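> no sequence for this one, just the structure:
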């Protein structure tokens with residue numbers, strides 16, 4: 001059974017912000033672009049490179065690569081902006097984070 005606990009932190013490290021951003025963005029954009037690749041396989045105009053539509057098997061194969069590139073750019077830009085915003089916010093008051101902990105997990109030493 002999971003229990004919720006509120007933790008007050010003064011600062012979140014930039015690496016943690018980037019990891020959270022990357023996990024959220026990569027696990028949403030890559031499956032979405034893969035779905036768009038399936039639509040391209042069916043003949044829909046979902047991807048364009050140099051104003052040329054990509055159809056068929058080529059569209060399916062290029063879709064995860066496009067997803068990774070888009071996710072990497074959004075992670076880089078969003079991570080910098082979010083880290084800066086959280087740094088500014090932490091100057092005024094501590095962040096309160098609610099976490100769900102498993103009762104079976106051992107506490108960190």
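Done, it's in. No experiment lies behind these values; they were computed from the predicted model shown.
> torsion angles phi and psi at residue 43?
phi 100, psi 10 (degrees, to the nearest 10).
> surely it meets residue 55?
Yes: taking CB atoms under 8 Å as the definition, residue 43 is a contact partner of residue 55 at 5.9 Å. Bear in mind the C-beta positions are built from the backbone N, C-alpha and C, glycine included.
> higher neighbour count, the two?
A direct count of neighbours by other CB atoms under 10 Å for residue 43 and residue 55 places residue 55 higher, at 17 against 11.
> how about the contacts made by the more buried one?
Residues touching residue 55, when contacts are defined by CB atoms under 8 Å, 6 or more residues apart in numbering, comprise 40, 41, 43, 45.
> among these, which one is most surrounded by other residues?
Within the contacts of residue 55, residue 40 tops the neighbour count with 24 neighbours, counted by other CB under 10 Å.
> can you tell me the closest non-neighbouring residue to the residue nearest the centre of the chain?
For the chain, the residue sitting closest to the mean C-alpha position, by CA atoms, centre = their mean, is residue 25 at 2.0 Å. Here the nearest residue to residue 25 in space, its sequence neighbours aside, is residue 71; by CB to CB, 6 or more residues apart in numbering that works out to 4.7 Å.
> and the host helix or strand of the one you found, what's buried?
Under the criterion of DSSP states H and E, residue 71 resides in helix 56-90. Residues of helix 56-90 classed as buried: 59-60, 62-63, 66-67, 70-71, 74-75, 78-79, 82-83, 86 (neighbour count, 16 or more other CB atoms under 10 Å).
> next helix or strand past that helix?
Moving toward the C-terminus from helix 56-90, the next element (DSSP H and E) is strand 95-102.
> for that next one, which strands pair with it and how are they oriented?
strand 2-9 (antiparallel) (DSSP bridges).
> so which two of the contacts of residue 55 are the farthest from each other?
Checking the contacts of residue 55 against each other with CB to CB, the farthest-apart pair comes out as 41 and 45, at 12.3 Å.
> how about the one helix or strand residue 29 maps to, which residues are buried there?
Here residue 29, judged by DSSP H and E, is contained in helix 14-41. Buried residues in helix 14-41, defined by neighbour count with 16+ other CB under 10 Å: 17-18, 21-22, 25-26, 29-30, 33, 36-37, 39-41.
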